[in-house]
Every structure is written in C-alpha cells, then in structure tokens.
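**Q** the following comprises the amino acid sequence and a computationally predicted model.
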Amino acid sequence: MLKIKKNPYSFYSIVIIVIAVIWINLNHKLWENHKSVIKWDVINYYQYLPATFYYNDLSLKFIDKDPTLLEWKFWPHISPIGKYTGKMSMGLSFMYLPFYLLAHLQAYLTNQSTDGFSAPFTFWLIFSSLFYVFVGMLYLRKLLLKYFTDGIVALTVLSIFFGTNLLFYTTLEAPMPHAYLFSLFSIFIYYTIEWHESINFKNSMILGLLLGLIALIRPSDSIIIIFFAFYQITSWSGFYEKLKSFVKNWKYLMLIALFSFIVWIPQLIYWKYTTGNYFYFSYQNEGFFFDNPQIIKGLFGFRKGWFVYTPLLFFAVSGIFLFFKDLKKFFLPIFIFTFLNVYIILSWWCWWYGGTYGQRVFIESYAILSIPFALFISNGFKYNRLTKILTIVLLIVLSAHQIFQTIKFNYNSIHYDAMTKEAYFNSYFKIRPSSNFESLLRYPDYQNAVFDNNNDTKPAVILKKTIIIKASNGKYISDNSNNNNLLFANKENPCLWETFTIILLDNGKCGIISYQNMYLSAMIESKNEITATISKMAPWETFELQKIDNNHFAIKAINDKYLTCDSVSNQIFANAKTIGKNEIFEIIVK
C-alpha cells in the first residue's frame, strides 16, 4: 500500500518528478533519431536485444554481411578465439527487455521497422528509465518513511532528483545504466532491512536476484553487499552477533548466492560461446590503478569533480559523520560503502568516465546517501524556525544550481570532458559558451591515461613552426609515400615532402607532423622505424628535443632511444642509446 492519504507530500513529490521527466522528454523528442538515444556505452548494453530478437544471432556474424552496422548499432570486439563478443555484460538488456518487446509490438502494428532502432524502440527505451526511477523512488520513500516524517522524505526525494545529475540521466541520457541502478540500489536497501526483520525465502530470493542483476550491469557495484553485511552493527559485540546470525541463517545466505548466480547463467553461457571461457574480462587493456586513486581530482577537480558539479551530495556525505548517532545501525554500512565506492570509482584509469555530465558513476549510490541526507535535513528542521528556513533555502539554491548546470551542459557551456577552472568560471553565469570558452579547455589524454591515470591531460600547445630537418649525412629527411611513409634522409634539396610542422608542448615535449598531416611515430610495432601514419598525437607520437647548439638537436622518442640516421640505408630509426654523430639533426625553421 502506498499510504497516500497518510503521507501525501512524499508521494506527490514523486508525481512531480514523473511529470517533469515526461515534460522534458516530450520537449526534446530524442527518439526521433536513434543516434541520440542508442549511442556510446548504450550501444554495448543494448546490442544483445536486436541481435537476439531481430537477427536471431548472438554471435553477431550478420555484421560481416553488412559492415555499416558497426557504425552506430553494434560495437563488439574480437575475442581470443576470433569471435565477436560484447564489451558490456547483458544485465541492462534484461531491464530494457519489457520495453523492447512493447516497442516491437508497436512497430509491428504501425508498419515500422522492427530492427530495434526505429522510433518506437528509442521512445520506449527513454521512458523505461522513468519507469525504473519511479519504482526506485517508491521504494526509497517506503524506506525513508520508516525513520523520517513525510515532509522530510518529500524534500529528500525532490532534492536527490532535481539537485543531482540523476535528473540528466533520467532524461537526456536516459538509457545509461545509472538511473536503473539507482532504482535497484533503492530496492536492495529496502529488502536488506526487510530481510533483517523477517529472514525468509521470499526476502532472500529477492535480495539474490537484485544483487545478481546489479553485478551483471556493473560488476564493481556489487559492493552494495557491504550494506547488507554491516547493517545494524554498532559495536564489537554487535559484530559478533551479526556473525552468529549469519551462521545460524546460512541456508538463506546460500539462497541469496544461488539466485545471484542464476541471474548470471545467460552471461556465463554467452562468454563460453564467444570467448571459450565462462569468465572473461572484456575491458582488455583498461583497468584500475588501486595504488593511485584520483581522489582530489574526482571529488574537487573542475573536469568532473563530484562535489563541484553535484554540491548537494557534499551535505549528504557530511550527514554520515555529523549525525551518525541518530541512526547508528546505518553508520557503519554507509561509511564503509561510501569510502570503498569513492576509492574504487576514482581508481579507474578513466576516473572522469568519458564524455559525461558530472561523476555519473556515483548516481546509484544516491539511494544509500539519501539516508544521511535526510538526517541532514531533519537536523536542520529540529532546532528553530531560522534553521528550518535556511535549510529549505539551501535545498532550493542547490537544486536550482543543478538544474541550471544541466541546461548549461545541454548547451555546451559545460564541456563533457575538458573543463578547467578557467572555463568553469568563464561560463558560470552563461547558458551558452563564450567566444573564448574553447581556448580555456584542456582535453584529456585517453590513450596515455590507460597507462597512467594521473597523467591524463593533453599538454597545451605553446608554439607551432614549419621546419625542415637535415640529418648527419647532409641530406634532408623526407616523408615520401613511395617509401610507405617511412622516413629517410635522402633528399639533396627540401621540397613539400621534406616540410614538417613541429608542435612544442608545455610539458617539454613535441610532436612532429608530416606534409601529409600525419604525426611521426615510434610505435613499438614498427620495429623502431619512424613512420608518418598516425592521425592523432599519443605517447608514441611525442619526442623530446635535446639541444646540442643553436640549430642542432638530438631527438629522443618515447622508448627512451634517440632518433638516428642509419649510415647504410639513410632510414630514420629510434634505436640509439647514446648521442653520436648520426643522432644529431639540424632543425631549420622556415
């Protein structure tokens, strides 16, 4: 029972959220172009459904007959046994499924394409997020009403939605996993409390299914089990009592584990078929830097700082420490979960999580943080009229600020991955970016961050010059396509093919661009040959100049070897350990 008459404010706050989401969706009509809905990560989460129900082929072999499907519909990679396999696991497809089937029926009845990418599919995909957020909010409301008044719960629910990036990821980026996980987290917390109040088959089954689905969508989110494990522990004696309870009820814990495993069975079978193994790490060379988490950048930095772009959550986190005595049984699970969640999230190589609004991967944790945030509001209300008014004003200001930032992001005055302090304050009161906004951005270096998550920003260009380069043999270095874009010092006189652009960077390194607009590269796969075949600058396309005299330099590559002119072939390699005659080049500015 919703008990609307008894607690009307909290219920109607959810109704306001639903109306707002519908209004935003109907005004933007993103479903009219599937690339506005099924894009980036969503392609990976969603591709299981059209592959199963339209192409009847989870192996994705049909892509070989129509490679254009790889552009914006399917993004598999090749497994170790040479088959296509998905990068993301299939958990989110399970949540999409009811709405996919509804869209399929609509498309069939209205003579539209049933391939999974026509307007009915994108429409229902967008609104599936609203459905799950609605359900999650209902459970969050039921949970909070156990401990707080109707008014406090209403303010908490409204603030958690409108005062955070949950609003954005329920509307303009609706099919991303975070709104769905927010719902699952809310239900999991509710049933954790129910399980401890009544340990039975039903509650164990529900918890197992929820835990399995959460882990299948985002494996790192399986740390939600911490909330279950530490709930109600308030002392060392309570810790031992909890252990005794788990031992006594081991059969129900096994049920939780069993139903979690059941959820994973389709994924394990899929991996076995496509990769040859039941367990498979699909992120390949991507991983965590647990010895170097980017806590300061991730919480307070201007690129994606959690508290910069969602300041309301600062007060929610503060509530854990300021008011933990009020609800002791929640302190330990929320504190441990939040600490580990921040640590794990910000240890990922791409700690800013790509082109997103704010720190999106924290959204699911808002369900847990709603409890200390409700405590924060409740304490603001209990002292006097002034603190009550100040609390309400704070919530309104923070929510208005968040809505304004969401609008700014939609109009590009908050950049998706290259924000700086200068860019942030330059556009602070502007909906649209200023004329010099672009010049204030600093783009992340994705290729470098995979190897070093602290070295994640592309260096700024401080100087560009057109140059020619003369080797020790007295001849000019040339990038001639007749030589497969390998570099040779074999030209008596410089022409177009012997013309390069050098880009000096603020980190002391440089990039060199050929006449064909390709970067010189010392990639290890090229056997230390210097090629001119790379369109973007990455670590292998950067060099360090070491000055010998006015115009003469030694050039060190990323492999820590010097460029050298082979005395027999005149080809340029990056394989010299020391500087000699053949490692000195004359750089002439044109």
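**A** Nice, thanks for sending it over. Residues are numbered from 1 along each chain as shown.

**Q** CA atoms for contacts and neighbours, from now on please.
**A** Fine.

**Q** who's in contact with Trp124?
**A** Under the criterion of C-alpha atoms under 8 Å, 6 or more residues apart in numbering, the neighbours of Trp124 are 99-100, 102-103.

**Q** contacts for the worst-scoring helix or strand of the chain on mean pLDDT?
**A** Least confident helix or strand, the chain: helix 446-449 with a mean of 81, by mean pLDDT, DSSP states H and E. For helix 446-449, contacts defined as C-alpha under 8 Å, 6+ apart pick out 349-350, 455-456, 538-539.

**Q** buried set for that helix?
**A** 446-449 (16 or more other C-alpha atoms under 10 Å).

**Q** next one: stretch 454-468
**A** For stretch 454-468, by 16+ other C-alpha under 10 Å, it's 454, 456, 458-459, 467-468.

**Q** any chance of a markdown table for those residues, columns pLDDT, secondary structure and distance to Met523?
**A** Formatted as a markdown table, these follow (pLDDT from 0 to 100; DSSP: H, G, I helix; E, B strand; the rest coil; distance: C-alpha to C-alpha, whole Å):
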| residue | pLDDT | secondary structure | distance to Met523 |
| --- | --- | --- | --- |
| Asn454 | 81 | coil | 22 |
| Asp456 | 79 | coil | 20 |
| Lys458 | 80 | coil | 19 |
| Pro459 | 83 | coil | 20 |
| Ile467 | 96 | strand | 23 |
| Ile468 | 96 | strand | 22 |
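
**Q** so Pro266 is in which element?
**A** For Pro266, the enclosing helix or strand under DSSP states H and E is helix 250-275.

**Q** buried residues in that helix?
**A** Going by 16+ other C-alpha under 10 Å, helix 250-275 has these buried residues: 252-253, 255-261, 263-264, 267-268, 270-271, 273-275.

**Q** same thing with stretch 379-396?
**A** Using 16+ other C-alpha under 10 Å as the test for burial, stretch 379-396 gives 379-381, 388, 391-392, 395-396.

**Q** CA atoms of that stretch as CSV?
**A** C-alpha atoms of stretch 379-396 as CSV (Å, rounded to 0.1, in the frame of the first residue of the first chain):
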residue,chain,number,x,y,z
ASN,A,379,18.6,18.2,11.9
GLY,A,380,18.1,21.5,10.1
PHE,A,381,14.4,21.4,10.9
LYS,A,382,14.6,20.4,14.5
TYR,A,383,16.3,23.4,16.1
ASN,A,384,14.3,26.6,15.4
ARG,A,385,12.4,28.4,12.7
LEU,A,386,15.6,30.1,11.3
THR,A,387,17.5,26.9,10.8
LYS,A,388,14.4,25.4,9.1
ILE,A,389,14.2,28.3,6.7
LEU,A,390,17.9,28.2,6.0
THR,A,391,17.7,24.5,5.2
ILE,A,392,14.9,25.0,2.8
VAL,A,393,16.7,27.9,1.1
LEU,A,394,19.8,25.8,0.8
LEU,A,395,17.9,22.9,-0.9
ILE,A,396,16.2,25.3,-3.3
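
**Q** pull the residues that contact it.
**A** Contacts with stretch 379-396, where a contact means C-alpha under 8 Å, 6+ apart, come from 159, 163, 312, 377.

**Q** got the phi/psi numbers for the first one?
**A** With angles defined as degrees, to the nearest 10, Ser159 sits at phi -70, psi -40.

**Q** ok, it - contacts?
**A** 395, 399.

**Q** please report how far it lies from Ile396.
**A** Distance, Ser159 to Ile396, by C-alpha to C-alpha, to the nearest Å: 8 Å.

**Q** so where's the protein uncertain?
**A** 1-3, 481, 524-526 (pLDDT under 70).

**Q** let's see that with 80 instead.
**A** When residues are selected by pLDDT under 80, those of the chain lie in 1-5, 71, 322-326, 447-448, 455-456, 480-484, 523-527, 536-539.

**Q** just the strands in it please.
**A** Assigned by DSSP state E, the chain shows strands spanning 77-78, 84-85, 461-470, 476-479, 487-491, 500-505, 510-513, 519-521, 531-534, 544-547, 552-556, 562-565, 572-576, 585-589.

**Q** in TSV, list those along with distance to Phe94.
**A** Output for those, formatted as TSV (distance: least, C-alpha to C-alpha, whole Å):
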stretch	distance to Phe94
strand 77-78	21
strand 84-85	17
strand 461-470	46
strand 476-479	52
strand 487-491	53
strand 500-505	47
strand 510-513	46
strand 519-521	44
strand 531-534	40
strand 544-547	51
strand 552-556	52
strand 562-565	54
strand 572-576	51
strand 585-589	60
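
**Q** nearest to Lys142, of these?
**A** strand 84-85 (40.3 Å; C-alpha to C-alpha).

**Q** other SSEs contacting that closest one?
**A** strand 77-78, helix 250-275 (3 or more C-alpha pairs under 8 Å, 6 or more residues apart in numbering; DSSP states H and E).

**Q** and Leu563, bridged to which residues?
**A** Ala574 (DSSP bridges).

**Q** ok, now how distant is it from Pro433?
**A** The spacing between Leu563 and Pro433, counted by C-alpha to C-alpha, is 43 Å.

**Q** just to revisit the earlier point, may I ask which two of the buried residues of stretch 454-468 are separated the most?
**A** Between any two of the buried residues of stretch 454-468 (C-alpha to C-alpha), the greatest distance is 34.7 Å, for Asn454 and Ile468.

**Q** which residues touch the residue positioned nearest the centre of the chain?
**A** The centre of the chain sits closest to Tyr353, judged by C-alpha atoms, centre = their mean, with a distance of 2.9 Å. Residues in contact with Tyr353, defined by C-alpha under 8 Å, 6+ apart, are 359-361.

**Q** same question for Phe323.
**A** Phe323 is in contact with 372, 375-376, counting by C-alpha under 8 Å, 6+ apart.

**Q** also Met90?
**A** With C-alpha under 8 Å, 6+ apart, Met90 has these contacts: 45-46, 48, 216-217, 267.

**Q** can you do 6 Å?
**A** By C-alpha atoms under 6 Å, 6 or more residues apart in numbering, the contact set of Met90 is empty.
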